[in-house]
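K.L.:
after the sequence you'll find the predicted model.
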Amino acid sequence: MSSFGSVPVKILYALLSIFIVMNIGLLLQGVTRKIYARVSKRIGIRFYQPYIDLVKNYFLRDLVSHGVMFYLGPIFRLTSGVGMILFIPLIYGSPVFSNFSFSGDAVLVLYFMFFGTLGMALGSGESGQPYSAIGVARGLAQVTAAEIPLILSFLAVFIQYQTLSISTIVGAQQGGFMHWTMITNPLATATALLAFLGSMMRSPFDVVLAPQEIPIGPPTEYHGAFLGILQTNRAIFPIAKTILYVNLFFGGAGNWFEFIIKAFLLYMWSVVVGTVFPRYRVDHSIRWFLKVPLALGLLSIIFLQIG
Amino acid sequence: MSMDDIKKRKTVGPDGDTIEIDPLQDYYCSAVPSVSKEYQREIPTIIERFRNWARSESLWILAYGSGCGAIEMRPLMTPKYDAYRYGIQWRPTPRQSNVLIVSGYLSLKTLRIVIRAYEQMPSPKFVLGLGSCTINGGMYYDSYNTINRLDHYLPVDVYVAGCMPRPEALLDGFDLLKKLIKEGKGQGADLYAEKFTWYKANQKKILKTWDMPDYSW
């Protein structure tokens, strides 16, 4: 980190970057729903509909709690999204929007990525709704399966650059797209992109929410402001994950325009796959992750050791 | 649920100790609903108007059909009518929905479930009666096990008349509901809380065996 400003200023800029990311996330959600609708020949929701839904949910009058963990579930979930934003350098070279990134931030960010799922499992488990329990069981199984190739690809990147600092990894990729990890380590990038599909909660891997099977899985009992918090996280978290990928594999972002373009393109990767493929069954999706992505991930590490 | 499920009972726990369970106390909240502050105000505040606008533009429907009218709700999701563009979306759980559509005749067995679903929805919530059956019983007016007037049991905001009304009529009903909410007249939940004893008495009069808590949170 540079010696930019005092702590209050830093906190203000951190809040600003969370706000910007949330807006990008909400707009992308609206656009995505629109794309899904157009594919099925509908006009679809208005692109600003996610904003209205969010406002309405925060303003509902009743809140029914099922216990302490039920309260904490959504908060843990939001913590994971916000935590990732706080520790990933959003804009490379900007002392302001690097937020709180430090030399070992990659480990912390990986921890935050998993943390939300655990929080949600604890929270929705307390609601006592059977569909929540089924959803949580499916979710944890799939996250575990998708996490293995994901971690392997990240490890390949960490070994390649011999560092655990995201800023240093981005720095090493500067100077044209031929320096990006995408070109220098295509196997790890391919593995990571396949694992990316598993964590975006879109078909073919949306076994957790599975609208026509288990009404909507874990958040069945969540309503009002609880659901509002979960929706806020649904806006922040995918963008946080996307920008982590951009930093590790696609050369980072030098300004907000580059940030938005790269985040949009990477986000659309999961959307395009989601519109084309229907949902897998749970056992199929888990097996799928343990075949091609796992083999690719292992290969990428082996090649690094040889070469 | 049956009568036995809500009776007080004693169970032996895993450690060998006896636990007394009273389902109505332990599993449900016994508090009855109360009237909101906004309901008592003569003129709504600016913030309340903004909230009402958000509520009217984001109507989440409980995807539940009680009678034959449910078949008219499905085309609204299809490319031909596409209700999503008016901010109308379907939710699978009562906890997350704001609009309950009672689609057609309501048998006593279904009334039980509709009451529970309605009470689980967070307020402000709205009820839309679809079809003539909800107004005066329609073609089932002399049936032995359907109710005739829905608003004796739940506060109804909008009726869509017809047997069956076409999807266009349903969309028109949503338009009217939106207008009512924006004017601050979508106060069914408060009405229900205000006349709670009257509604409960009506419900208990027609459902002979009352095997659920008085207010299902």
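P.N.:
Perfect, I can see it now. Residues are numbered from 1 along each chain as shown, chains lettered A, B, ... in the order given.

K.L.:
mind listing what residue A:114 touches?
P.N.:
Counting by Cβ atoms under 8 Å, 6 or more residues apart in numbering or on different chains, residue A:114 makes contact with A:80, A:143, A:147. The way it works is simple: take the backbone N, C-alpha and C, and place the C-beta from them, glycine included.

K.L.:
any idea how far it is from residue B:82?
P.N.:
Distance of residue A:114 to residue B:82, computed by Cβ to Cβ, to the nearest Å: 38 Å.

K.L.:
repeat for residue A:247
P.N.:
39 Å.

K.L.:
more crowded one of these two?
P.N.:
residue A:247 (26 against 20; other Cβ atoms under 10 Å in any protein chain shown).

K.L.:
following the helix or strand containing that one, which helix or strand comes up?
P.N.:
Secondary-structure assignment from DSSP states H and E places residue A:247 in helix A:224-249. For helix A:224-249, the following helix or strand on the C-terminal side (DSSP H and E) is helix A:256-276.

K.L.:
distance from that following helix to the middle of the chain?
P.N.:
12 Å (Cα atoms, centre = their mean, to the nearest Å).

K.L.:
and it, anywhere near chain B?
P.N.:
No: judged by Cβ under 8 Å from any Cβ of the partner chain, helix A:256-276 and chain B are separated, with a smallest distance of 15.1 Å.

K.L.:
in that helix, what's buried?
P.N.:
A:258-260, A:262-264, A:266-267, A:270-271, A:273-274 (16 or more other Cβ atoms under 10 Å in any protein chain shown).

K.L.:
also stretch B:133-153?
P.N.:
B:133-135, B:137-138, B:140, B:146-148, B:150-151, B:153.

K.L.:
which pLDDT value goes with the residue of chain B found nearest chain A?
P.N.:
Residue nearest to chain A within chain B: residue B:92 (3.4 Å; Cβ to the nearest Cβ). For residue B:92, the pLDDT comes out at 86.

K.L.:
for the closest residue to it other than its chain neighbours, give me the backbone phi and psi.
P.N.:
Spatial nearest neighbour of residue B:92, chain neighbours left out: residue A:215 (3.4 Å); criterion: Cβ to Cβ, 6 or more residues apart in numbering or on different chains. In terms of degrees, to the nearest 10, the main-chain angles of residue A:215 are phi -20, psi -70.

K.L.:
confidence-wise, which helix or strand of the chain is lowest on average?
P.N.:
Answering for chain A, as no chain was given. Least confident helix or strand, chain A: helix A:181-184 with a mean of 83, by mean pLDDT, DSSP states H and E.

K.L.:
think we crossed wires, I meant chain B
P.N.:
Least-confident helix or strand in chain B using mean pLDDT, DSSP H and E: helix B:23-26, a mean of 74.

K.L.:
tell me which residues in the helix holding residue A:247 are buried?
P.N.:
Neighbour-count burial for helix A:224-249 [16+ other Cβ under 10 Å]: A:224, A:226-249.

K.L.:
any idea of the mean pLDDT in stretch A:255-270?
P.N.:
pLDDT averaged over stretch A:255-270 gives 90.

K.L.:
again, but for stretch B:73-81
P.N.:
Here the average pLDDT along stretch B:73-81 is 88.

K.L.:
what's in contact with that stretch?
P.N.:
So stretch B:73-81 is contacted by A:40-42, B:61, B:63, B:65, B:82-84, B:88, B:90, B:101, B:103, B:130, B:167-168, B:170-171 (Cβ under 8 Å, 6+ apart).

K.L.:
at 10 Å what do you get?
P.N.:
A:37, A:40-44, B:61, B:63-65, B:72, B:82-84, B:86, B:88-90, B:101, B:103, B:130, B:166-168, B:170-171, B:174 (Cβ atoms under 10 Å, 6 or more residues apart in numbering or on different chains).

K.L.:
quick check: buried residues in it?
P.N.:
Neighbour-count burial for stretch B:73-81 [16+ other Cβ under 10 Å]: B:73, B:75-77, B:81.

K.L.:
likewise for stretch A:153-169?
P.N.:
Buried residues in stretch A:153-169, counted by 16+ other Cβ under 10 Å: A:153-154, A:156-158, A:160-161, A:163-167, A:169.

K.L.:
need the distance between the two termini of it.
P.N.:
14 Å (Cα to Cα, to the nearest Å).

K.L.:
same deal with stretch B:120-135?
P.N.:
24 Å.

K.L.:
what's around residue A:19, how many residues?
P.N.:
11.

K.L.:
returning to what we had before: out of the buried residues of helix A:224-249, which are close to chain B?
P.N.:
A:224, A:226-227 (Cβ under 10 Å from any Cβ of the partner chain).

K.L.:
average pLDDT for stretch A:276-292?
P.N.:
On average, stretch A:276-292 scores 86.
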